[in-house]
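Return atomic coordinates for the entry below.
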Amino acid sequence: METKTTGYRTRQVDFPTKRYCQTLDLKDDPKLIELYKKYHSEEESWPEIREGIRSVGILEMEIYLINTRLFMIVETPLDFDWDTAFGKLAGLPRQDEWEERMSVFQVADPKAGSAEKWQLMERIFRLYE
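Residues are numbered from 1 along each chain as shown. Model prediction:
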């Protein structure tokens with residue numbers, strides 16, 4: 001079983017990929033945070049949302065949490081276009097319903113879409129080859 005002390009396995013693909021890292025804050029309410037985690041669990045997350053994410057070309061998406069701060073990693077093929085993909089994602093079935101449901105937990109404009117709420121982070125360090 002993977003844990004924060006043993007590490008989290010990553011999915012391997014046979015071609016070059018790129019990643020996007022984003023952040024978003026949750027409301028400082030432990031009960032809301034636990035419910036947000038439950039809604040994102042394998043058992044509770046909506047299949048249409050997972051399928052939609054994959055259908056726009058996203059290979060992997062992971063969300064991590066510390067206190068009220070979310071950190072999301074999105075892995076894609078090198079030719080992935082963020083704006084095009086998230087434009088398509090916004091129009092998929094149940095996406096608006098999911099965004100509305102999640103807005104209760106997030107410190108963001110409740111009318112904003114996913115691409116507007118999640119803030120792209122700047123990479124400032126890596127182990128260069």
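
how far away is the closest residue to residue 75 other than its chain neighbours from residue 3?
Leaving aside its sequence neighbours, residue 75 sits nearest to residue 60 (CB to CB, 6 or more residues apart in numbering; 4.3 Å). C-beta here means a position set from N, CA and C on the backbone, and glycine is covered the same way. Noted for residue 60: a distance of 19 Å to residue 3, by CB to CB, to the nearest Å.

With neighbour numbers in mind, choose between the two.
residue 60 (15 against 7; other CB atoms under 10 Å).

Residue 80 and residue 18 touch, don't they?
Yes. Between residue 80 and residue 18 there is a contact under CB atoms under 8 Å: 6.9 Å.

what about those two, which has more around it?
residue 80 (17 against 12).

who's in contact with the nearest residue to that one once chain neighbours are set aside?
In this structure, residue 80 finds its nearest non-sequential neighbour in residue 57, 5.2 Å apart by CB to CB, 6+ apart. When contacts are counted by CB atoms under 8 Å, 6 or more residues apart in numbering, residue 57 touches 76, 77, 80, 85.

which pair in those residues spans the largest distance?
77 and 85 (10.6 Å; CB to CB).
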